[in-house]
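Trainee: next one to model:
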Amino acid sequence: MLTSQRKRLILEQLAREGQVLSKALSTQFAVSEDTIRRDLRELAAEGELQRVHGGALPASGAIATFAERQSLRLDSKKRVAQKGAELILPGQVVMIDGGTTTAELVTFLPADLSITVVTHSPSIALALVEHPCIDVILIGGKLFKHSVVTTGTATIDGISAIHADLFFMGVTGIHAGTGLTTGDYEEASVKRAFSRRAAETIVLASAEKINAASSYVIGDLSMVNTMVVEKEADAGLVTALEKAGVVVVKAD
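Mentor: Residues are numbered from 1 along each chain as shown. Alright, predicted model coming up:
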């Protein structure tokens, strides 16, 4: 079998099963595990999958540039964002992470909703400039242009001075085995810092993030209190979330 044929079959199996294991692929294709690891390494370099210990998972489509991600699975983002907005109560202090799904969240906040929003995303802050009842606290730091958020020590120091009711965390991958992941090491640290300062962490799980993984781990599923998914979300993941103590809210 040609290498290109084997790679195509690996990707087809990954899409069908949501995970592949190096040892099983070695047996299946009658080649060495070193050969399979090379195939996975090359496919990962092409952005086709995310390597993990012992095999690979689907690569998250949510690690593209901010502009590219704005149109990715937009309907899914809108549905979970609208449902997420319903979880916010008047008077709360709400931390909102950067990202294209959280950008949709703020568009669904009612005009009479009086809350304080804390964010390290200039885009989120600017989207709320004209909102009549929302106070905005913008956390400073070094601008990470890929995600249009601030990161670094200054960002984490700013977060540490706040106690919030809710944190809407942005992630690029959600998987029962690897937990919550993102595409940048510094961003993962900031997300953990936000979560530690909130009474409740919420993830808006649009379709492109589910059963996918990125390079940097934020935490396991139990880090989340509530996850908003679509009605047809993968049943296996929903079961894993519920076993981890996560409240699963389904968007209409």
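Trainee: now tell me which helix or strand of the protein has the poorest mean pLDDT.
Mentor: Lowest on mean pLDDT, DSSP states H and E among the helices and strands of the chain sits helix 66-70, with a mean of 53.
Trainee: C-terminal to that one, what's the next element?
Mentor: Once the chain leaves helix 66-70, the next helix or strand it forms, by DSSP states H and E, is helix 74-85.
Trainee: contact partners of that next one?
Mentor: 100-102, 104-105, 107-110, 168, 202, 204-208, 228-230, 249-252 (CB atoms under 8 Å, 6 or more residues apart in numbering). All C-beta atoms are positioned from the backbone trio N, CA, C, and that covers glycine.
Trainee: same check on stretch 135-151?
Mentor: 65-66, 97-99, 115-123, 125, 128-129, 152-155, 158-159, 162, 183-184, 186-187, 189-190.
Trainee: for that stretch, buried residues please.
Mentor: In terms of neighbour count (16 or more other CB atoms under 10 Å), stretch 135-151 has its buried residues at Val136, Ile137, Leu138, Ile139, Gly141, Phe144, Ser147, Val148, Val149, Thr150, Thr151.
Trainee: and stretch 127-136, by the same measure?
Mentor: Ala127, Leu128, His131, Ile134, Val136.
Trainee: rebuild those as CSV, extending it with pLDDT and secondary structure.
Mentor: CSV is the format used below for those (pLDDT from 0 to 100; DSSP: H, G, I helix; E, B strand; the rest coil):
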residue, pLDDT, secondary structure
Ala127, 96, helix
Leu128, 97, coil
His131, 96, coil
Ile134, 98, strand
Val136, 98, strand
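Trainee: turn those residues into CSV, columns for distance to Ala212.
Mentor: Shown next, in CSV, are the buried residues of stretch 127-136 (distance: CB to CB, whole Å):
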residue, distance to Ala212
Ala127, 26
Leu128, 29
His131, 32
Ile134, 32
Val136, 31
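Trainee: any idea which of the residues you listed is closest to Leu237?
Mentor: Nearest to Leu237 out of those is Ala127 (CB to CB; 29.6 Å).
Trainee: what separation is there between that closest one and Asp184?
Mentor: Going from Ala127 to Asp184 by CB to CB, to the nearest Å gives 22 Å.
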